[in-house]
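>>> have a look at this prediction, sequence included:
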Amino acid sequence: MTVYFIGAGPGDPELITVKGQRLIRSCPVILFAGSLVPEAVLAGHRAESVVNTAELDLDAIVALLRDAHAKGQDVARVHSGDPSLYGAIGEQIRRLNALAIPYEIVPGVTATAATAATLGCELTLPGISQTVILTRYATKTSMPEGEALADLARHRATMAIHLGVRHIERIVADLIPYYGVDCPVAVVFRASWPDEEKVIGMLGDIAGKVLSKGIERTALIVVGRVLGAEGFADSSLYQKA
């Protein structure tokens, strides 16, 4: 018996990996985060038990995993995006280790990758940015020392900010001293979902645009000079030499 932490991808059911889809269709037990994972991802399953864990706490989820283990049933534990990024699997893994229950992580397409796709851009361009910082805005969970947004902004790298669109004005205030008011920024709501929406601007005007759209959750903020860049050097990858 194995618990498979499966990354369902950002929302588009076709962006799940082949391995993830195969496991969802073969595991007798499915636990999925229904608030973030569309049910279409579960299409073709033959599971005996399918549970939406959106309203369950950690103890209740672990109890279901323990019951499946006792019955020798593999579990597809389906998370949005990639489960290793803001997936809250660390606490589940700690419990599984204590119970000696085997597990495996199946990667998924990240919200950052889906956002870059919908923006039609590369996040790493020669001479502009070769670093991507994935982070979040401190709200209920504080940030460790040295990881405050202003600390990370000093690098002026491409930055993808999760879980912070409701605080867009504060985020902009933290970023402008390092990126400048004219730095391009994009806010993408539910990237790859049918109701996806994107707001494009600069740090100087993005807050007003986002507030006028009423976007308050489930959005990724991407900031950096790679957005809309033109005057960058070709990479060495395809040079004749």
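Received, thanks.

>>> break the protein down into its domains, please.
Domain ranges of the chain: 3-106, 111-223, per automatic domain parsing.

>>> and the helices in the chain?
18-26, 58-70, 90-98, 111-119, 149-153, 168-179, 206-213 (DSSP state H).

>>> mean neighbour count, these: which tops it?
Ranked by mean neighbour count under mean count of other C-beta atoms under 10 Å, the helices of the chain are led by helix 111-119, which reaches a mean of 21. (Each C-beta comes from the backbone N, C-alpha and C, glycine too.)

>>> CA atoms of that helix as PDB?
This file holds the C-alpha atoms of helix 111-119, laid out as PDB (Å, rounded to 0.1, in the frame of the first residue of the first chain):
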ATOM      1  CA  ALA A 111       0.900  27.800 -11.000                       C
ATOM      2  CA  THR A 112       4.000  29.700 -11.900                       C
ATOM      3  CA  ALA A 113       4.500  27.600 -15.000                       C
ATOM      4  CA  ALA A 114       0.900  28.000 -16.000                       C
ATOM      5  CA  THR A 115       1.100  31.700 -15.400                       C
ATOM      6  CA  ALA A 116       4.200  32.000 -17.700                       C
ATOM      7  CA  ALA A 117       2.300  30.000 -20.300                       C
ATOM      8  CA  THR A 118      -0.700  32.300 -20.300                       C
ATOM      9  CA  LEU A 119       1.500  35.400 -20.400                       C
END
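
>>> which helices and strands does it pack with?
strand 158-162, strand 184-189, strand 197-202, strand 219-223 (3 or more C-beta pairs under 8 Å, 6 or more residues apart in numbering; DSSP states H and E).

>>> for the helices of the chain, which one sits closest to residue 84?
Judged by C-beta to C-beta, the one of the helices of the chain that comes nearest to residue 84 is helix 90-98, at 8.9 Å.

>>> just the angle for the closest one relative to helix 58-70, thanks.
40 degrees (axes from the mean of the first three to the mean of the last three C-alpha atoms, to 10 degrees).

>>> can you list the domains of the chain in CSV and add distance to residue 240 and mean pLDDT?
Conversion of the domains of the chain to CSV gives the following (distance: least, C-beta to C-beta, whole Å; pLDDT from 0 to 100):
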stretch, distance to residue 240, mean pLDDT
domain 3-106, 35, 96
domain 111-223, 17, 94
